[in-house]
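Engineer: what's the 3D shape of this:
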Amino acid sequence: MDLVIIKRTLGVVSLGLGLVAVAAPRRLAKFVGLSSDEESVATFGAREIAAGAGLLSPVRPGPWFWLRVGGDAMFLFTLGKATGRDNPKRGAAMAAAVVVGAVVAVDILLAAHAMLNRHEDEAAAQ
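Structural biologist: Now for the predicted structure:
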């Protein structure tokens, strides 16, 4: 597994998602049925930007993978509120929850891999 390529790819993706969430929190919240959680979406966006910057910096990626796990888990919890039967955008919220759930799983695997393979984690600090 090439952690350098993975960390750079996730860094760019995190920055992109974070910028969208910070620039248009209302639109993104409305898209997934979180009409009253614009502030949460903007906060999650800021966290994505921080994670992206950390992953693109010349440091070990392991701790940044764990930051993504925590942030994604919080977003997943927030999306859970939007999957209620009273939400007209319930389908979009459920689809987003499935995607975020898959991302959480990948981030956990990456974080655990970096933690268990310290030499790879340290070598990826470039």
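
Engineer: What is the helix or strand of the chain with the lowest mean pLDDT packed up against?
Structural biologist: Least confident element among the helices and strands of the chain, by mean pLDDT, DSSP states H and E: helix 25-31 (a mean of 88). In terms of contacts (3 or more C-beta pairs under 8 Å, 6 or more residues apart in numbering; DSSP states H and E), helix 25-31 is packed against helix 38-56. Quick note: C-beta positions are derived from backbone N, CA and C, even for glycine.

Engineer: if we can go back for a sec, I'd like the distance from the least confident helix or strand of the chain to the chain centre, please.
Structural biologist: Relative to the mean C-alpha coordinate of its chain, helix 25-31 is positioned 16 Å out (C-alpha atoms, centre = their mean, to the nearest Å).

Engineer: can you pull the alpha-carbon coordinates of it into PDB?
Structural biologist: The C-alpha coordinates for helix 25-31 follow below in PDB (Å, rounded to 0.1, in the frame of the first residue of the first chain):
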ATOM      1  CA  PRO A  25     -23.300  25.000   3.700                       C
ATOM      2  CA  ARG A  26     -27.000  25.800   3.100                       C
ATOM      3  CA  ARG A  27     -27.100  24.200  -0.300                       C
ATOM      4  CA  LEU A  28     -25.200  21.100   0.800                       C
ATOM      5  CA  ALA A  29     -27.300  20.700   4.000                       C
ATOM      6  CA  LYS A  30     -30.500  21.100   1.900                       C
ATOM      7  CA  PHE A  31     -29.300  18.500  -0.600                       C
END
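
Engineer: Run through this structure and note the low-pLDDT ranges.
Structural biologist: For the chain, the stretches with pLDDT under 70 are 36.

Engineer: May I ask you to name the longest helix in it?
Structural biologist: Across the chain, the longest stretch assigned as helix under DSSP state H is helix 90-116.

Engineer: Please tell me how far that helix is from the chain's geometric centre.
Structural biologist: On C-alpha atoms, centre = their mean, the centre of helix 90-116 falls 8 Å from the chain's centre.

Engineer: No more questions from me, cheers.
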